[in-house]
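J.: Predicted model and sequence follow; I will ask about them next.
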Amino acid sequence: MTDNDTIEQRIEHEVYDRLCHVIDPELGRSVTDLGMIPEVRVSPSDETDNGYEVTVHVELTVPGCPLSKTISTRIQEAVRSYPGSALTPRIEIGAMSSEKLKRLVGELKAERRENPFNKPGTKTRIFAIASGKGGVGKSSVTANLAATFSALGYDTAVIDADIYGFSLPALFGINTRPTDLNGMLMPVVAWGVKMISIGMFAGSDRAILWRGPRLQRSLEQFLADVWWGSPDVLLLDLAPGTGDMAISVAQALPNAELVIVTTPQPSASDVAVRSGLVALQVPMNVRGVVENMSYYDYNNERLRIFGEGGGQRVADQLTEALGFDVPLLAQLPLQPEIREIGESGRPAVLTRDGKLEANSLADSFKTLALDLMYNQDRRNPKSTVAN
Ligand SMILES: Nc1ncnc2c1ncn2[C@@H]1O[C@H](COP(=O)(O)OP(=O)(O)OP(=O)(O)O)[C@@H](O)[C@H]1O
Ligand SMILES: [Mg+2]
């Protein structure tokens with residue numbers, strides 16, 4: 001900007017500066033950084049004295065992008081927030097040329113390199129939710145925990161790594177596909193959570209994603225081919241079982257912390273212990289145990305429908321076998337709403353408008369979420385937070 005600028009030119013520069021704070025909801029970067037704003041034009045308004053009309057030309061990365069309305073609204077708000085003069089925004093929406101888009105995706109990919117979560121200094125905490133047996137509530141715990149993190153203000157991402165038995169898209173009411181940006185996939189956002197799941201792809205695309213040794217490969221693709229930004233938390237919903245998947249996670253994401261879900265009865269807890277013993281084969285922090293369906297409150301009585309003690313048993317046995325503390329992190333109730341509301345496409349801890357419910361279930365998940373965030377990896381004493 002120079003002293004000779006006209007008032008229109010000054011407003012153009014200043015509006016452009018304001019647009020630096022408008023974030024593209026998919027890429028998590030400012031629209032100006034992404035080269036989405038080729039032009040801002042200011043002219044005196046015909047309608048108001050001292051007012052100006054501001055035309056912002058926007059180039060979307062994806063033509064007809066479902067989020068274009070959100071982007072327009074954010075730009076309009078940024079223009080209207082300009083102090084002093086009355087500015088009337090006009091948004092012209094176009095699409096990026098394929099050349100420009102290719103360049104942008106190339107830059108983003110180069111910057112992100114292979115796997116964004118293993119960079120030194122990455123802030124993302126990674127929790128892999130595992131179980132020995134199927135059907136103990138891993139996906140329900142993952143979904144509600146992710147929703148809780150997001151409602152608490154954490155930038156939250158989830159990988160549905162259960163490629164055979166994926167269930168997270170349904171629990172989040174997702175029936176859209178990830179946007180494909182020249183070979184880079186945008187996670188689908190629902191209830192504030194960024195998610196990717198094999199269940200979001202139609203049959204033929206699934207075949208593409210499943211080439212090669214499936215488990216390892218699909219996880220690598222989810223890590224490398226999806227634009228994650230740098231979330232505060234990444235949760236992985238693993239397939240049930242005692243080995244392969246957790247080993248793949250440990251190899252692809254050395255910072256991942258394993259959280260083991262079990263129900264209280266011995267048949268579940270015995271096999272849950274084995275799923276945690278994977279840490280004897282590969283270096284992996286086993287962060288703790290979550291006991292699900294621990295009790296059912298009925299008529300002021302706490303009924304232990306599936307018995308008692310499984311979670312604590314798993315925690316004790318893993319602590320002994322692994323030589324570091326593996327605590328019982330939470331005991332979650334058996335509560336029909338978890339299934340009913342979950343099946344309707346909303347994690348049960350959330351209200352319809354996406355806030356954390358004010359009830360004991362949401363409180364339990366909140367305590368679990370905060371405990372996970374604030375207690376660091378205790379395998380390595382140097383990373384322990386002093387208290
Ligand atoms: N605490 C709970 N209270 C009531 N129902 C629950 C609870 N946790 C899970 N469920 C229900 O139990 C069933 C199994 O849960 P979920 O699918 O989360 O388990 P999973 O361990 O992911 O299973 P899979 O091994 O098949 O992936 C679902 O119908 C779910 O709604
Ligand atoms: Mg599941």
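T.: Looks like it came in fine. Quick caveat: nothing in here was measured; it's all calculated off a predicted structure. Ligands and ions are numbered 1, 2, ... in the order given.
J.: ok, now how distant is Val289 from ligand 1?
T.: The gap separating Val289 from ligand 1 is 14 Å, by C-beta to the nearest ligand atom, to the nearest Å. C-beta: built from backbone N, CA, C; applies to glycine.
J.: For that residue, give me phi and psi.
T.: phi -120, psi 140 (degrees, to the nearest 10).
J.: so it bridges to which residues?
T.: Assessed by DSSP bridges, Val289 has beta-bridge partners Ile260, Leu328.
J.: so how far is ligand 2 from it?
T.: Distance of Val289 to ligand 2, given as C-beta to the ion, to the nearest Å: 17 Å.
J.: is it true that that residue touches Pro264?
T.: No: look at Val289 against Pro264 with C-beta atoms under 8 Å: they stay out of range, at 11.2 Å.
J.: quick one: which of those two has more around it?
T.: Of the pair Val289 and Pro264, Val289 is the one with more neighbours under other C-beta atoms under 10 Å, namely 30 against 25.
J.: quick one on the thing from earlier: can you check which residues contact both of Val289 and Pro264?
T.: Taking C-beta atoms under 8 Å, 6 or more residues apart in numbering as the contact rule, Val289 and Pro264 both touch Gly311.
J.: who in the stretch 1-150 of the chain is up against ligand 2?
T.: Taking C-beta under 5 Å from the ion as the measure of proximity, the stretch 1-150 of the chain contacts ligand 2 at Lys138, Ser139.
J.: switch to 8 Å and redo it
T.: Gly134, Gly135, Lys138, Ser139, Ser140, Thr142 (C-beta under 8 Å from the ion).
J.: can you pick the most crowded of those residues?
T.: Thr142 (28 neighbours).
J.: Am I right that it falls within a helix?
T.: Yes: counting by DSSP: H, G, I helix; E, B strand; the rest coil, one finds Thr142 located in a helix.
J.: Identify the nearest residue to it in space, disregarding sequence-adjacent positions?
T.: Counting by C-beta to C-beta, 6 or more residues apart in numbering, Thr142 lies nearest to Asp237, which is 4.1 Å off, once chain neighbours are set aside.
J.: Am I right that the one you found is in contact with Ser139?
T.: Yes: between Asp237 and Ser139 there is a contact under C-beta under 8 Å: 5.3 Å.
J.: which neighbours do those two share?
T.: Asp160, Asp162, Ser167, Leu168.
J.: From those, list the ones also adjacent to ligand 2.
T.: Near ligand 2, by the rule C-beta under 8 Å from the ion, you find Asp162, Ser167, Leu168 out of these.
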